[in-house]
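**Student:** prediction below, plus the sequence it came from.
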Amino acid sequence: MKKEYWYILIAYIVMQVSSLVGIPLVMYIGTIFGNTAEEMQALAIPIWLVSSFTITLLVVLFFLRGDMKADLAPRDTASVSKSIVWAVAGIFLALMAQSIAANIEASLGIEMGSENTQEIIRIIDTFPIVILVSSIIGPILEEIVFRKIIFGSLYKRFNFFLAALFSSIIFAIAHFEPEHILLYSAMGFTFAFLYVKTKRIIVPIFAHVAMNTLVVLVQSVFREDLERLIEEAERIQGFIGGFL
């Protein structure tokens, strides 16, 4: 593995644990500038999320500058048109894989829904800027770390199934939701397939960004509209049922 990749992995790990120091630090700095402890308690998490993810993305892109220059040279990558097709198709593949995995988990007695996702949605409801982290910066970092670096390195030594399996398990552990290992594995396999199929990391990045954005829009921005539509559909169903 390239030394730059090790630096990226270290930066990502540091980001994951940085909240232990970063959030108290933001709270302390905020109180120095006249904010109350209660105000900073609400502000510290979104401020640190956006700051730490943004800084880490800049660091990662710095270490990847050599790879980005190399990507400009012709290789056996998929054509632009083919890559666009797979990127769009990848959104539906990822959603379908996630749905199938969620149903399997439910049949095994595993509670549906992600605590991480629900917590992020709650933060977004109050601080919409966090959408940048959940829908753009986060997926970009995850695809670079888990697909380009971890999966890519494993794929050089093992077959696709083992490389995707191992990287997906690490992917699940990094989200601190081992009970949803099947769900994260389904997503990991899908994005790894897109990467191998096109040999362009931008393809799974696009699919991942689009999928996360769609989930956030459904669960946050359009949640009330969807709930209202469901209630209206139930009322219509009950009204029709009264005549049958």
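**Tutor:** Received, thanks.

**Student:** wait, residue 76 sits on residue 199?
**Tutor:** Yes. The pair residue 76 / residue 199 is scored as a contact, 6.3 Å apart, by C-beta atoms under 8 Å. All C-beta atoms are positioned from the backbone trio N, CA, C, and that covers glycine.

**Student:** leaving out chain neighbours, which residue sits closest to residue 183?
**Tutor:** In space, and not counting its chain neighbours, residue 183 is closest to residue 101: 4.6 Å by C-beta to C-beta, 6 or more residues apart in numbering.

**Student:** centre of the chain to the helix or strand hosting the one you found, how far?
**Tutor:** Here residue 101 sits within helix 80-107, counting by DSSP states H and E. Per C-alpha atoms, centre = their mean, to the nearest Å, the displacement of helix 80-107 from the mean C-alpha position of its chain is 13 Å.

**Student:** what's it packed up against?
**Tutor:** Using 3 or more C-beta pairs under 8 Å, 6 or more residues apart in numbering; DSSP states H and E, the elements in contact with helix 80-107 are helix 181-198, helix 202-216.

**Student:** now stretch 198-218: buried residues?
**Tutor:** Buried residues in stretch 198-218, defined by neighbour count with 16 or more other C-beta atoms under 10 Å: 198, 200-213, 215-216.

**Student:** with stretch 79-95 instead?
**Tutor:** 83, 86-87, 90-91, 93-95.

**Student:** using PDB, write out every CA atom in it.
**Tutor:** Only the C-alpha atoms of stretch 79-95 are listed here, as PDB (Å, rounded to 0.1, in the frame of the first residue of the first chain):
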ATOM      1  CA  SER A  79     -15.800   5.500 -21.000                       C
ATOM      2  CA  VAL A  80     -17.400   8.600 -19.700                       C
ATOM      3  CA  SER A  81     -20.800   7.700 -21.100                       C
ATOM      4  CA  LYS A  82     -20.600   4.100 -19.700                       C
ATOM      5  CA  SER A  83     -19.500   5.500 -16.300                       C
ATOM      6  CA  ILE A  84     -22.500   7.900 -16.300                       C
ATOM      7  CA  VAL A  85     -24.900   5.000 -17.000                       C
ATOM      8  CA  TRP A  86     -23.400   2.900 -14.200                       C
ATOM      9  CA  ALA A  87     -23.300   5.800 -11.800                       C
ATOM     10  CA  VAL A  88     -27.100   6.400 -12.300                       C
ATOM     11  CA  ALA A  89     -27.900   2.700 -12.200                       C
ATOM     12  CA  GLY A  90     -25.800   2.400  -9.100                       C
ATOM     13  CA  ILE A  91     -28.200   4.500  -7.200                       C
ATOM     14  CA  PHE A  92     -31.000   2.100  -7.800                       C
ATOM     15  CA  LEU A  93     -28.800  -0.900  -7.200                       C
ATOM     16  CA  ALA A  94     -27.700   0.400  -3.900                       C
ATOM     17  CA  LEU A  95     -31.200   1.200  -2.800                       C
END
